[in-house]
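Chemist: Only the shape, not the letters, is given here:
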């Protein structure tokens, strides 16, 4: 659930504008099958899950999408002028606030259903978590440190080029330097995933989701190990530095493309919101 709600809040970072609209229009179905893969519901419980997901998306269209549109328009203006560190902090804080809001609302909709999960369904969820953890290990903990840093740099390069077009050799060198100095903390992330999975299962088995889930999921980092907190913060600071370094080297064409992407996302969000009767 956390991954899904965060993906909704951060969707415009990874999807093209047309793809974004198509993905969002089918997101309710996707979320249903993703959530039910963990809960293994049928009959009336499955129908209730479908209804609660519909309620969440009705809220999201009315409340979140207009906010995303305003955020995207403001981001376009800031990128056009050239970024400062304050702009990067604003972007991060804004996205995080929207993610927390969506996570809390999703949890409020889901919690009553989770408090009726059977012990067999909780065991099924635990099995699915174990499968997820093995997949995470294959994708993020495989290979030497150098290989993992190289894969991380390649993922970031692809994301950046979606926004600004092909990177120059000088820009790629800045990215390589970032990947060398930024902490590689996938082991800490892996342990934290297991912590959260265990806490969620305990909450469900105690039938305390309505009482605890909304605040817990909106503050997912609260129980993190101090080492994880420190590594995450250092990575965030290094990534901000990378963005500012790259911004100082953008060509007019690259800057124009980035700003245009933000404006297109803003229009997509407005169109999606209007389909729910939001002006």
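Modeler: In hand now; what should we look at? Note that the structure is predicted; figures quoted are calculated from it, not measured.

Chemist: what does stretch 70-83 rub up against?
Modeler: The contact list for stretch 70-83 (Cβ atoms under 8 Å, 6 or more residues apart in numbering) reads 12, 87, 90-91, 94-95, 98, 243-244, 247-248, 255-256, 258-260, 262-263, 265-266, 269. Quick note: C-beta positions are derived from backbone N, CA and C, even for glycine.

Chemist: Let's see that with 10 Å instead.
Modeler: 9, 12, 84, 86-88, 90-91, 94-95, 97-98, 163-164, 240, 243-244, 246-248, 250, 255-270 (Cβ atoms under 10 Å, 6 or more residues apart in numbering).

Chemist: average pLDDT for that stretch?
Modeler: Regarding stretch 70-83, the rounded mean pLDDT is 96.

Chemist: Of all the residues in it, which ones are buried?
Modeler: 71-76, 78-79, 83 (16 or more other Cβ atoms under 10 Å).

Chemist: same thing with stretch 123-130?
Modeler: So stretch 123-130, judged by 16+ other Cβ under 10 Å, has buried residues 124-126, 129.

Chemist: of all these, which comes closest to residue 28?
Modeler: residue 125 (20.9 Å; Cβ to Cβ).

Chemist: if I look at that closest one, how far off is residue 94?
Modeler: Residue 125 is 32 Å from residue 94, where distance means Cβ to Cβ, to the nearest Å.

Chemist: swap in residue 171?
Modeler: Residue 171 is 25 Å from residue 94, where distance means Cβ to Cβ.

Chemist: Please say which of these two ends up with more neighbours.
Modeler: With neighbours defined as other Cβ atoms under 10 Å, residue 171 and residue 94 compare such that residue 171 has more, 21 against 17.

Chemist: so who does that one touch?
Modeler: 157, 160-161, 164, 242, 245-246, 249-251, 254.

Chemist: Now, those that are in helices?
Modeler: 157, 160-161, 164, 242, 245-246, 254 (DSSP state H).

Chemist: Quick one, which of these are buried?
Modeler: Using 16+ other Cβ under 10 Å, the buried ones in these are 157, 160, 164, 242, 246, 254.

Chemist: Closest to residue 44 out of those residues?
Modeler: residue 160 (47.0 Å).

Chemist: Leaving out the residues flanking it, which one is nearest to that closest one?
Modeler: The spatial neighbour of residue 160 that comes closest, neighbours along the chain excluded (Cβ to Cβ, 6 or more residues apart in numbering), is residue 167 at 6.4 Å.

Chemist: OK, contacts around that neighbour?
Modeler: Neighbours of residue 167 in contact, by Cβ under 10 Å, 6+ apart: 157, 160-161, 173-175, 246, 249-250, 254.

Chemist: how about the contacts of residue 171 in CSV, adding pLDDT and distance to residue 53?
Modeler: Output for those, formatted as CSV (pLDDT from 0 to 100; distance: Cβ to Cβ, whole Å):
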residue, pLDDT, distance to residue 53
157, 96, 35
160, 95, 33
161, 95, 34
164, 95, 35
242, 96, 37
245, 96, 41
246, 96, 38
249, 97, 43
250, 97, 40
251, 97, 43
254, 97, 39
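
Chemist: For those, could you give me JSON lines that also reports distance to residue 206?
Modeler: Below are these laid out as JSON lines (distance: Cβ to Cβ, whole Å):
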{"residue": "157", "distance to residue 206": "45"}
{"residue": "160", "distance to residue 206": "44"}
{"residue": "161", "distance to residue 206": "47"}
{"residue": "164", "distance to residue 206": "48"}
{"residue": "242", "distance to residue 206": "43"}
{"residue": "245", "distance to residue 206": "48"}
{"residue": "246", "distance to residue 206": "47"}
{"residue": "249", "distance to residue 206": "53"}
{"residue": "250", "distance to residue 206": "52"}
{"residue": "251", "distance to residue 206": "57"}
{"residue": "254", "distance to residue 206": "52"}
